[in-house]
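Asker: Need coordinates for the below:
(3 chains)
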Amino acid sequence: MNCVEKDGNLYVNGISDFHLGQTLECGQCFHFEKIGENEYYLSAKGRFLHILQQNDFSLVFYNTDMETFDNVWKDYFDLERDYGLIKSKINKLDSKLRPVMETMWGIRILNQDFFETMISFIISQNKQIPHIKKIVADLSYKYGIMAEGGEEVIDEKVNKGVFYSFPDAWALLQAGEDGIRECKTGFRAPYIIDACRKYHNGELDEKKLRLGSYEQVMESLKQVRGIGDKVANCIALFGLGKRNAFPVDVWIKRIMEYIYIGHEADKKEISDMAERLFGEYGGYAQQYLFYYGKEMKLGKPQRT
DNA sequence: GTCCAGGTCGCCT
DNA sequence: AGGCGACATGGA
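Answerer: Residues are numbered from 1 along each chain as shown, chains lettered A, B, ... in the order given. Now for the predicted structure:
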C-alpha cells in the first residue's frame, strides 16, 4: 500500500481484498450516499469523506492529507488487516463459503464509532436499510454538527445528513424523545433515549467494553431497552471490534437454513452452529454470507 | 388494502 | 422457557 498526495487529494495504491461498494453497501453502515460508480460520500469519525475506487487496487480520498489517512481512514476501512489470510482461514474451516467469498471478495469490516453504531442498530430493528439510512441522515442533519470537510462540498442532490456528523449522546438527550420521534424513529425513540442515558452516565463505557470479553459486552449492551441479541451482536461486531460476533437476523437465518440445514431452525441453533463452524472468524463469515444471501435472495419466499 | 422490514418487549400458557 | 401480538413507518 503506497500513498501519494496531489492537488489536496490522496491517491492510495496497492490495496487488495477491498471493494468500496461492497464494503459500504453490505449492511454494516448507514451514513453514506452513492454518487457514482464505486464513488461515495460518507460521514464518519466526525469527518466528511468523498471517496472513489478507480480499480481493484487504487482509491482516491478527495481533499485528504496523508496524516488524516494514516490516523483515521486506514483504521476505519480496516486496510491494515490481511483479508486474504482471513478468507483462507475461513475456507479451511468450511469450504462452502468459498463461492460466497469469491463473489463478495471486497468486503471489509469497518471500524465504526461505538455510539453511532449502537444507535443505528437500535433504529435498524424491523426496518429496511434505505429507511435506516434516511433516519440516520435526518438525525445527523437535525441534531449533529457539520462534519469536518463537509461544508465545502454540500450538494443539493443528496440528503444533507451525509455532510453532518452523527449527533452525540448529549445532543440526542437535548432533542428528547419527541425530537427523536420527529425523525420517524417511532417506537424506538424511548430505546434511543435509554441508550443515550446509559452511554452518557458511564454505565456503557466504550473503553471498558473494548477491553471486555464478548460475553461481557453482550451482557452490558442488553441492559439497554431495545437491544436484544441480534442488535447487541451487530454493535459488538461493527462498533467494538468483536470479530467473533455473529448477528442472526431474518436473512442469516434463511441463508444458514438454505446452505447448511435444509429446514427451519431457531436462532439459537443457527448461532450455535456458526460458533462451531467459524469461531473467531464469525463476524467476517456472517457479513460475507449476509450480503451474498441478500443479493442472491437465497431462501427468500417468493412474493410478486 | 395487505404484508413485511438486519427485532424486541411484555404478556400469555 | 417458549409462543405470539404490538409496536411506528414506509415501500412493495
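
Asker: In terms of helix, strand or coil, where does A:I90 fall?
Answerer: When classified by DSSP: H, G, I helix; E, B strand; the rest coil, A:I90 comes out as helix.

Asker: what residues are up against it?
Answerer: A:97, A:101, A:278, A:281, A:284-285, A:288 (Cβ atoms under 8 Å, 6 or more residues apart in numbering). For the C-beta atoms, the positions are set from N, CA and C on the backbone; glycine is no exception.

Asker: swap the cut-off to 6 Å and go again
Answerer: When contacts are counted by Cβ atoms under 6 Å, 6 or more residues apart in numbering, A:I90 touches A:97, A:281, A:285.

Asker: how near is the closest residue to the second one other than its chain neighbours to A:E39?
Answerer: The reference is to A:Y281. The shortest distance from A:Y281 to any non-neighbouring residue, by Cβ to Cβ, 6 or more residues apart in numbering, is to A:I90 (5.1 Å). A:I90 sits at a distance of 29 Å from A:E39 (criterion: Cβ to Cβ, to the nearest Å).

Asker: for A:F69, same thing?
Answerer: According to Cβ to Cβ, A:F69 and A:E39 sit 17 Å apart.

Asker: Tell me which of the two has more neighbours.
Answerer: A:F69 (20 against 17; other Cβ atoms under 10 Å).

Asker: Quick check: that one vs A:V217, distance?
Answerer: Distance, A:F69 to A:V217, by Cβ to Cβ: 29 Å.

Asker: tell me the phi and psi of A:R243?
Answerer: phi -70, psi -10 (degrees, to the nearest 10).

Asker: Show the contacting residues for it.
Answerer: With Cβ under 6 Å, 6+ apart, A:R243 has these contacts: A:G283.

Asker: Look at it and report its pLDDT.
Answerer: Here the pLDDT value assigned to A:R243 is 98.

Asker: what about A:S88, how many residues close to it?
Answerer: Using other Cβ under 10 Å, the number of residues around A:S88 comes to 12.

Asker: any idea how far it lies from A:I227?
Answerer: For A:S88, the distance to A:I227 equals 34 Å [Cβ to Cβ].

Asker: so what's the backbone phi/psi at A:D75?
Answerer: phi -70, psi -40.

Asker: How much space separates the residue nearest to A:Y281 from A:L298?
Answerer: Between A:I90 and A:L298 the computed distance is 18 Å (Cβ to Cβ).

Asker: Repeat that for A:E152.
Answerer: 43 Å.

Asker: Those two: which has the busier surroundings?
Answerer: Neighbours were counted for A:E152 and for A:L298 using other Cβ under 10 Å; A:L298 has more, 17 against 9.

Asker: Test my guess that the more buried one contacts A:M256.
Answerer: No. Here A:L298 does not reach A:M256: they are 9.7 Å apart, not a contact under Cβ atoms under 6 Å.

Asker: Quick check: residues of chain A near DNA strand C?
Answerer: A:126-128, A:130-131, A:181, A:184, A:186-187, A:266 (Cβ under 7 Å from any atom of the strand).

Asker: Looking at pLDDT only, which of the residues you listed scores worst?
Answerer: For the residues of chain A next to DNA strand C, the least confident position by pLDDT is A:D266, scoring 92.

Asker: Please work out how many residues are found near it.
Answerer: If you count neighbours by other Cβ under 10 Å, A:D266 ends up with 10.

Asker: What's the local residue count around the closest residue to DNA strand B within the stretch 201-304 of chain A?
Answerer: Nearest to DNA strand B, among the residues of the stretch 201-304 of chain A, is A:G228, at 2.5 Å (Cβ to the nearest atom of the strand). When neighbours are defined as other Cβ under 10 Å, A:G228 has 13 of them.

Asker: And the nearest residue to it once chain neighbours are set aside, its phi and psi?
Answerer: The spatial neighbour of A:G228 that comes closest, neighbours along the chain excluded (Cβ to Cβ, 6+ apart), is A:K222 at 6.7 Å. Backbone torsions for A:K222, taken as degrees, to the nearest 10, come to phi -70, psi -10.
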